[in-house]
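Chemist: Sequence first, predicted model second:
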Amino acid sequence: NWNMKNFIEDQVELMRRQVGDRKVLLALSGGVDSSVVAALLLKAIGNQLVCVHVNHGLMRKNESESVVEVFKNQLHANLIYVDAVERFLGKLENVSDPEQKRKIIGSEFIRVFEEEARKLDGIDFLGQGTIYPDIIESGTKTAKMVKSHHNVGGLPEDLKFELVEPLKQLFKDEVRACGVELGLPHSMVYRQPFPGPGLGVRCLGAITRDRLEAVRESDAILRDEFEKAGLDQKVWQYFTVVPNFKSVGVKHNARSFEYMVIIRAINTIDAMSASVEQVPWDVLLKITDRILDEVENVNRVCYDLSPKPPATIEFE
Ligand code: XMP
């Protein structure tokens with residue numbers, strides 16, 4: 001007679017036994033897995049949990065704010081918020097190769113996390129949002145990237161902690177059910193997949209601040225309109241991309257030379273192949289109007305019709 005309430009009670013008991021009166025450190029990105037682990041650990045050991053949220057400047061609009069709001073203000077977690085925006089954008093300046101961008105974001109993340117860990121005394125454990133598919137899928141490139149970024153592997157030898165991984169037997173839908181049972185907000189538990197390098201791989205080529213803001217603002221508009229149209233419950237992944245070239249337009253009766261926003265909305269089962277969502281025309285036009293009206297430095301909006309393969313879901 002297994003249900004989520006029993007699972008939570010069992011895990012709380014197990015974690016209390018494992019941790020005793022010692023402390024657990026957790027990298028809290030705000031993704032589904034780390035959020036549910038945080039809520040579960042909080043229930044088990046309260047302020048013996050120390051969460052670190054690193055804002056790398058590549059989060060979606062209001063995402064870091066909502067992590068702070070939910071975990072610090074509402075759940076009263078011991079949360080350290082690290083504003084690393086300038087540091088990440090500095091390291092990424094003039095870097096245009098996608099894999100290089102990913103490497104920098106991943107290794108800088110570990111470095112920031114390591115620095116925070118060193119400031120803290122008496123931490124013995126590291127909480128991690130490892131779920132069952134992370135353990136069974138190890139072959140594909142995507143799975144490896146997801147794991148290497150999301151899990152804080154790669155910490156130096158003298159900072160090796162004992163792991164606390166309460167979700168490692170659960171599938172994604174069970175992790176979500178656990179989050180709901182623990183009272184986390186729907187928007188956090190049903191968040192669409194978001195790559196570790198965040199908006200960094202959607203601001204194509206070398207990241208510039210103007211284009212990064214255009215990605216962030218257009219993504220916020222897209223999400224808002226998808227929610228209003230009920231598409232957020234239906235579409236697997238939807239986001240915007242801003243390429244690193246400009247096109248000609250007219251604005252206020254004058255020639256403009258500005259960036260474009262590309263909209264992508266896809267459905268997939270396993271991210272290995274994907275098909276394009278047939279977003280209703282009126283929804284696309286509404287989104288286009290709002291982007292052209294509200295987002296600076298943009299004069300054109302396109303919709304990507306490519307399936308995977310031959311395209312990938314992300315652009316880089
Ligand atoms: P592609 O673009 O390869 O993406 O079709 C497949 C899925 O993986 C996500 N993705 C990533 N996730 N770190 C991640 O955590 C990454 O570097 C990364 N690259 C792609 C992508 O969003 C899609 O869901």
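Modeler: That came through, no problem.
Chemist: Poorly predicted segments of this protein, please.
Modeler: 1, 137-153 (pLDDT under 70).
Chemist: Give the buried residues for the helix or strand hosting R264.
Modeler: Assigned by DSSP states H and E, R264 belongs to strand 254-267. In terms of neighbour count (16 or more other CB atoms under 10 Å), strand 254-267 has its buried residues at E258, Y259, M260, V261, I262, I263, R264, A265, I266. Any C-beta I mention is one placed from the backbone N, CA and C, and that applies to glycine too.
Chemist: Check the residues you listed one by one and keep those near the ligand.
Modeler: Contacts with the ligand are made by none of these, judged by CB under 6 Å from any ligand atom.
Chemist: Which one of those residues is nearest to I207?
Modeler: Y259 (13.0 Å; CB to CB).
Chemist: So the closest one sits against A214, correct?
Modeler: Yes - between Y259 and A214 there is a contact under CB atoms under 8 Å: 5.9 Å.
Chemist: ok, now which residue in the protein is the farthest from the centroid?
Modeler: For the chain, the residue at maximal distance from the C-alpha centroid (CA atoms, centre = their mean) is N253, at 39.9 Å.
Chemist: do you know how far that one is from N299?
Modeler: 13 Å (CB to CB, to the nearest Å).
Chemist: can I see the domain layout of the chain?
Modeler: Listed domain ranges for the chain are 4-189, 202-303 (source: automatic domain parsing).
Chemist: Nearest to E314 among those would be which one?
Modeler: domain 202-303 (7.1 Å).
Chemist: which residues sit in contact with the residue farthest from the centre of the chain?
Modeler: Contacts for N253 (CB atoms under 8 Å, 6 or more residues apart in numbering) come out as none.
Chemist: Where do the helices of this structure begin and end?
Modeler: 4-19, 32-45, 63-67, 85-92, 98-119, 132-136, 141-150, 172-181, 186-189, 209-228, 281-294 (DSSP state H).
Chemist: Contact residues of the stretch 151-300 of the chain facing the ligand?
Modeler: P193, P195, G196, P197, Q237, A271.
Chemist: Residues that sit against both of Y259 and A214, list them.
Modeler: Common neighbours of Y259 and A214 (CB under 8 Å, 6+ apart) are V242, N297, V298.
Chemist: which of the residues you listed tops the neighbour count?
Modeler: Using other CB atoms under 10 Å as the neighbour criterion, V242 leads those with 30 neighbours.
Chemist: List the beta-bridge partners for it.
Modeler: C203 (DSSP bridges).
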